[in-house]
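Peer 1: fold the stuff below for me.
(3 chains)
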Amino acid sequence: MEVQEIEHRELPRLWELPPQRVIEDGLRRIRGSGTVYKVMLLISAVCAIVGIIAFIVGPISSGWNDRQAWTYVAITFGILMCTIGSAPCFSVCLRMVRGHWRRPVNRLAEIWAIGMIVPLILFFFLLGILPDTVGRSSFWFGWPVSPYLWDSVMMVALVICGYGFLYVGALPDMAIARDQIEGEGGGIFTRLSRGFRGTLYDWQIIDRAQGILGAFYVLLYVGSMTVIAGDFIEALVPGDNSAIFPAQYTIEGLEAGIAVTIFAMGIMRYLGGLDEYLEAEQFFAAAKLQLALGLLYFYTHWTEFIIWWYGRTPREVALLKIFYFEPYFWLFCVAFATMFLSPLFILVWTRVRMGIVGPWVTSGLVLVGIIIDNIRLYSASFSTPNIYLQELSTIPKAYVPGVTDILLAVGLLGGAVGVCLLGFKLVPYPSIWEVTAGIYLRVRRKYLKTEVVLIGKPN
Amino acid sequence: MLERHSHSTEQIIEDLLRPVTQTTTMNWVAFIVLGGVLSAWVFAIGWMFYWGTGVLGLNRQNIWGILIVNFVFWIGISHAGVMISAILRLSQAEWRRPVTRAAEVMTMFSLMTAMTLPFIHTGRPWRTAYWVFPYDFWRGIWPDVRSALVMDPSAVFTYLSGTIMFVYVTMIPDFALLRDRSIGWRHALYRVLALGFKGSERQWKIQTISGFILAAIMLSIFVSVHSIVSWDFAFSLDPVWHSTVWAPYFVIGAVHSGVSAVVTLMALMRWMFKFDDYIREEHFDAIGRLLVVVGSTWMWFFLLDVFFDLWRQDPTDDAIMRMRFFEWPYTLLLGFIFIFGYFIPVPIWLFRRFRRNIKVMFWTSILVNIGMWSERYWLVMPGLQRKFQWTFDWVPYRPGPVDITIVLGTFALVGFLLLVFAKLFPPVPVWDELEGQRFAGEIQVGKRSVPAIIREF
Amino acid sequence: MAGPPNSPGAQQTQQPQSTQELEKMQQPNPPWLPRWGMVIDLDRCTGCQACVVACQAENNIPINTEEMYIQRRPIEWIRLERYWDGAYPDIKARFIPVPCMQCSEAPCEPVCPVYASVHTTEGINMQVYNRCIGTRYCSVNCHWHVRFFNFWQPKWPDSLDQQLNPDVTVRSRGVMEKCTYCVQRINHAEQNARIDGNRAVKDGEVIPACAQACPSRAITFGDTADPNSRINKLIASTDRAYQILAELGTNPQTLYLKKIDPYTPAAAEA
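Peer 2: You can find the predicted model right below:
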């Protein structure tokens, strides 16, 4: 039967794959790894060692009295929270929306949660430079041991929830790995999959647990970023009571989480050979969200700027100077260009969104932008000498990083990426159960003179 | 999707055109009651024009009152349309079909109602046209664009005209349907409105694409409208008004109250027009899930606003916050905001059983809007009552009878306009429902038969 | 022009022969623009409210009946705020007269949609009555509460409308008004100075109604751009000067001198 030429807007259809192929592809990385992977792992191991040495030589040896020495530790912490911390939120959002295209992408967003141990460790070190809430601006109302106890509770809960969410989502695949992988390589999966047999009851538990853990992860992420933005950045700058800033920081984080996922999608497609799973359809839809978040980035920054600018009190003018227009002006410009202008001008074109290079390049630019923005925010907030004033009277000079700072940041970031890479050895990617379910729920059918795709909606 | 009834095309058309073809007793009662309240509204406005703004409960400190609170509330309700129509259309959610038109039309009418308020509220309303239209009336002096009150009409009118175009474009196929089934003056009306739509492939393509483009444009407009309305307050240096978070806070609050208003409207339409087969429980289920997310985001922004008002421990801010938490009537309003706006509805909406119960959804949506009206009052009035440390000037505010009549009248106005609309045009889009019927299908997965839909693209 | 053509003053008026001469005549001499300012000495203020009454008479302010006070809408371009300090039996009353601050960066200006609230070149924040449509946003943004709205049509009972000042506009309802530093008196003085050989306005030639009526001479008005003016000498001679709500950064032109509390020995020496 002749199929009419498909209209130019339609995206290529995928996953015309038998489920056995999906199982093989999913378990390929667990069974063995390629050279590229091994090289990447080696580089990150070296980075981790360099980073740890720089960490000890730099901030640890200067102690907790000099806040500025810890600037780049905070920056690394911020970058990790904004990127790998928020990627699981992206996965939760995709699940909520129940889009069909999400199936190969979900696991790639969740898998970053494996690296969350690194920002958690950095967080505990950074608690040393946080002043307690007596006599300074805060939202803790003098609760006991604030802010240390409450911030820690948030962060620990977040990390545990992230690991839990990833684990529950990967559990059925680990059961598949247990059944398919022979030899001692499959042993760990026996313990991890905890007797999952694929009964209706098992699946209901997975479904329920994923839903609850996912929802909690988003709540905890939003809460943690609010608390970090408040205690680590705003509280250290006198007179800063910008209520939008935690939302701004969270939204930047979500934007970077999408970017890290899209970036990984591009790498997995080309280097990981997953071009049958990560096609234009996935990039198209994810790019729409990237564009939307980029616009929200602009919106949250604009609303802060316009209120301070219109108010023009000396307190607000000082805040505008320290964060935007004086010491870190060029950093702000680069961040603005990469996190807003590039998604806007690249991704607004439908043709570009329907390709793969456009979204991938934009995601790379956004990642550069989030690094620069974190540098800007933490350098500004860690450089104020006296946090107990009512407003900033003099703008401190820009903090120029030393060699230890740079080595520390690069090293620890590389190390965190390495930890995430190790995740691919434990968690099958692409997600076998989700992609297979997608294959079952998609049917091509003849409709009048053309052929359409039917998508099953079980709920 | 599990409860789809398969009706014939003719049955669907007949059902959905029933509000246009039949006028029930309930309709007449509603017209008369709402008409009565409306005449009181017109009288109150006339009274105010004649005697001056002195008839309102305003005074030197509380120089904006519940008319402005009400204005913000109606702009808020107007955000429902874009949320439901544009976002759901762009993400191809199936459950949008019965509710898009009602939501969009409510947007249109609540915007119109909202804009009447700042106009009648000015000291010399007959001069206010000068303010709105950027026309060089007086010797080269244009309106001051630095003022949020000039950005306001621009944004609202852009939104209004965009909404009118969007409603119109999505109604064209229904105008054509009505044109083909009517006689007399109605036929003439629909013929003009239908613009010669014949249902050819090219015309459908144009209609669909225009709908998409307008939906995308509307998204950016809707964020800007309520942000600018929030900047009416946040630009001022008033202690709790001058907060950087007010723009997105107002927008998300608007979406919360607007989507709840859509739920109210859905329940009312289902009840009044017997649309049980078209506005089904699955729609309430889906919109309830959306409301949980929207409501929780709103609560986050509300908490951000409150915590950061207390952040600097500034005596001016603290005085206002103390009033807002501990003094009458703000304590009561705060209770409404928390309990009615969030802590009753959202936990209820977490459960599928309650989301699918129409009565529960109807009453919780009304509660939300009571909470949201209280929130607007709680946000706006304290900033005027306790400005800085001029304790000699701190005076209370009590709305007068004229204020209250005008506020109640706006509710009647929106209701009345919606009823008139439903009499002339089908409130549930007929072509959308027929399309949904076409797209529905079933597939076999193993032993189960799963409902499915055709992917649009 | 001074007086009718045949009056004695007419011979002294020079008729300009060209546009350049006309322009030169219109420039003040010496060539700086005055910057009007006011200093209120709280140590001298007795709270008698003579300033309030004088302002009401000079500027055609409607009569504030008891009804207006009950509605909390009295129009008092300069008002006296009274604060109680301390507890019985050690209660003291503190007075502070509050006219318009005439902020250099006035927050009431950018928010008016119709440019009814504008700043003159001489530093006064002017309310243009015929442009005002009464949105009242300027009053919302005035944190000193010195802007007043005509909620009702102003009425002067009995024959009190015979005492209206012809130099000052009578406002209708729906219009915002506020203290103008008696701009009609400033204009009058400047016109006289221009006629009188195009000289600058002399210090003390302009006295607003409130300053004129004050029995303890608590209010000083003058040109802060003139280094030799009385007001500048007064500000320079003391460290008691301050601005109200200075943290808002609006740079008010109305300054206050702190009250010296006689019961504190340290303050008495200041």
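
Peer 1: can you give me the helices in the stretch 151-270 of chain C?
Peer 2: Taking DSSP state H, counting those that start in this stretch as the criterion, the stretch 151-270 of chain C contains helices spanning C:183-195, C:209-213, C:230-236, C:265-269.

Peer 1: of all the ones you listed, which one comes closest to A:M40?
Peer 2: Of all those, helix C:230-236 sits nearest to A:M40, with 70.7 Å by Cβ to Cβ. Where C-beta positions appear, they are placed from N, C-alpha and C, glycine not excepted.

Peer 1: flag every residue of the stretch 351-459 of chain A that's near chain C.
Peer 2: A:E391 (Cβ under 8 Å from any Cβ of the partner chain).

Peer 1: hmm, I typed the wrong one, I wanted chain A.
Peer 2: A:310, A:312-315, A:317, A:391.

Peer 1: closest point of chain C to chain B, which residue?
Peer 2: Using Cβ to the nearest Cβ, the single residue of chain C nearest to chain B is C:G134, 1.9 Å away.

Peer 1: ok so that residue is a strand residue?
Peer 2: No - C:G134 sits outside any strand when classified using DSSP: H, G, I helix; E, B strand; the rest coil, being coil.

Peer 1: that one contacts B:L56, correct?
Peer 2: No - between C:G134 and B:L56 there is no contact under Cβ atoms under 8 Å: 12.0 Å.

Peer 1: what helix or strand is the residue in chain A positioned nearest to chain B located in?
Peer 2: Nearest to chain B, among the residues of chain A, is A:A243, at 3.5 Å (Cβ to the nearest Cβ). In the assignment (DSSP states H and E), A:A243 maps to no helix and no strand.

Peer 1: neighbours of it, how many?
Peer 2: 26 (other Cβ atoms under 10 Å in any protein chain shown).

Peer 1: can you pull the pLDDT of it?
Peer 2: pLDDT recorded at A:A243 is 94.

Peer 1: in JSON lines: the residues of chain A next to chain C, plus pLDDT.
Peer 2: Written out in JSON lines, the entries for the residues of chain A next to chain C read as follows (pLDDT from 0 to 100):
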{"residue": "A:Y310", "pLDDT": "92"}
{"residue": "A:R312", "pLDDT": "89"}
{"residue": "A:T313", "pLDDT": "92"}
{"residue": "A:P314", "pLDDT": "92"}
{"residue": "A:R315", "pLDDT": "93"}
{"residue": "A:V317", "pLDDT": "94"}
{"residue": "A:E391", "pLDDT": "88"}
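
Peer 1: looking at these, spot the one nearest A:V334.
Peer 2: Closest approach between those and A:V334, by Cβ to Cβ: A:V317, at 23.1 Å.

Peer 1: so which of the helices of the stretch 151-270 of chain C gets nearest A:I206?
Peer 2: Of those, nearest to A:I206 by Cβ to Cβ is helix C:265-269, at 76.1 Å.

Peer 1: can you list the residues of chain C near chain B?
Peer 2: Close to chain B, as judged by Cβ under 8 Å from any Cβ, chain C has residues C:71-74, C:81-83, C:107, C:110-115, C:131-137, C:139-141, C:143-145, C:148-153, C:172-176, C:245, C:248.

Peer 1: any weak-confidence spans in the stretch 351-457 of chain B?
Peer 2: The model of the stretch 351-457 of chain B has pLDDT under 70 over residues B:456-457.

Peer 1: ok, 90 please
Peer 2: For the stretch 351-457 of chain B, the stretches with pLDDT under 90 are B:383, B:385-395, B:432-457.

Peer 1: repeat that for the stretch 101-250 of chain C.
Peer 2: Counting by pLDDT under 90, the stretch 101-250 of chain C contains low-confidence ranges at C:114-115, C:130-131, C:154-163, C:193-204, C:225-228, C:247, C:249.

Peer 1: among the residues of chain A next to chain C, which lie within helices?
Peer 2: A:310, A:314-315, A:317 (DSSP state H).

Peer 1: of these, which is the most crowded?
Peer 2: A:R315 (22 neighbours).

Peer 1: wait, that residue sits on A:I322?
Peer 2: No - under the criterion of Cβ under 8 Å, A:R315 is not in contact with A:I322, lying 11.2 Å apart.

Peer 1: now for those two: what residues contact both?
Peer 2: A:L392 (Cβ atoms under 8 Å, 6 or more residues apart in numbering or on different chains).

Peer 1: pull the distance from the helix or strand encompassing A:I306 to the chain's centre.
Peer 2: In the assignment (DSSP H and E), A:I306 maps to helix A:280-311. Relative to the centre of its chain, helix A:280-311 is centred 16 Å away, using Cα atoms, centre = their mean, to the nearest Å.

Peer 1: would you mark the buried spots in it?
Peer 2: Of all the residues in helix A:280-311, those buried under the rule 16 or more other Cβ atoms under 10 Å in any protein chain shown are A:280-297, A:299-301, A:303-304, A:306-308, A:310-311.
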